[in-house]
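**Q** give the three-dimensional model of this entry:
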Amino acid sequence: MQIGQHHIVTSRTARYFTLGNRATAKEIWIVLHGYGYLAEDFIQNFQPIASENVCIIAPEGLSRFYLRGFGGKIGASWMTREDRQSEIEDYINYLNNLYAEITEGSSATKIIGLGFSQGGPALLRWLANGKSKVSEAVLWSADIPRDLKFEDYREKNKSTRNWLVYSKSDPIVRQEIYDESIALFNKFDIPLQVINFEDGHGIPEATLNEFAARLMIA
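**A** A predicted model of the protein is given here:
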């Protein structure tokens, strides 16, 4: 007998964490974690910039798993290669719903989307295929997905500034991968501003502070 694959759409509960005061915030940062993080841990990186004027929102990937064996520390993921298109569609819908909830009634004048590592491709796919708009799209220590619908992304995000922030000593994403990502944005006439730092695959506090200050001035 032939095995058939089928799909159904079902609701589930997703969670997110916040830092700062969303009611008073002039800037809202939606930050997408990397592979194997939990949002509660990842959001700690943004403590230095959270304030009455800056609110951080950290959604968590829908798939959680034990990082080693069958117990101990748990991490989350945005997707894997298994049934990947369904997982992509699910997190795009999830992020659209989250965006609608956190921006309803908000007086924020700037929405910043930041994707770290695996969160970078998730951010770009969401902005290319979803219903949400951000002022700044920040890829931090992140690769650009080669299957991104670049034309759709460009047309939907004409007023968005794009940033690539990475370390030249990144042990996970090699320099040639970053070079290819920059070339792809250039190929499709998508402006991309590049910032380098020297502390590997992470979010150094000093670099984050400098970047946040740069966005406030702009």
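**Q** ranking helices and strands of the protein by mean pLDDT, which lands last?
**A** The weakest-scoring helix or strand in the chain, judged by mean pLDDT, DSSP states H and E, is strand 63-68 (a mean of 87).
**Q** check the offset of it from the chain's centre.
**A** Relative to its chain's centre, strand 63-68 lies at 19 Å (Cα atoms, centre = their mean, to the nearest Å).
**Q** show me what it is packed up against.
**A** strand 71-77 (3 or more Cβ pairs under 8 Å, 6 or more residues apart in numbering; DSSP states H and E). Every residue, glycine included, has its C-beta placed from N, CA and C.
**Q** show residues contacting the strand it packs on.
**A** With contact meaning Cβ atoms under 8 Å, 6 or more residues apart in numbering, strand 71-77 is reached by 33, 35-39, 60-67, 118.
**Q** in it, what counts as buried?
**A** Across strand 71-77, burial judged by 16 or more other Cβ atoms under 10 Å covers 75-77.
**Q** try stretch 91-99
**A** Judged by neighbour count (16+ other Cβ under 10 Å), stretch 91-99 contains these buried residues: 91-95, 98-99.
**Q** which residues does it contact?
**A** Counting by Cβ under 8 Å, 6+ apart, 14, 16, 30, 57, 59, 61-62, 78-79, 122, 125-126, 129-132 sit against stretch 91-99.
**Q** on that earlier part again, so the least confident helix or strand of the chain versus strand 71-77, what angle?
**A** 140 degrees (axes from the mean of the first three to the mean of the last three Cα atoms, to 10 degrees).
**Q** ok, strand 63-68: who's next to it in the sheet?
**A** Strand 63-68 has these partner strands in its sheet, going by DSSP bridges: strand 71-77 (antiparallel).
**Q** CA atoms only: put the partner strand into PDB for me.
**A** Output in PDB follows, covering the C-alpha atoms of strand 71-77 (Å, rounded to 0.1, in the frame of the first residue of the first chain):
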ATOM      1  CA  GLY A  71      16.500  15.600  29.500                       C
ATOM      2  CA  GLY A  72      18.300  18.700  30.700                       C
ATOM      3  CA  LYS A  73      18.500  22.000  28.900                       C
ATOM      4  CA  ILE A  74      15.800  22.800  26.300                       C
ATOM      5  CA  GLY A  75      16.100  24.900  23.200                       C
ATOM      6  CA  ALA A  76      13.700  26.000  20.400                       C
ATOM      7  CA  SER A  77      13.900  26.200  16.600                       C
END
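**Q** this protein: strands as residue ranges?
**A** Under the criterion DSSP state E, strands of the chain are mapped to 16-19, 27-32, 54-59, 63-68, 71-77, 110-116, 136-140, 161-167, 193-197.
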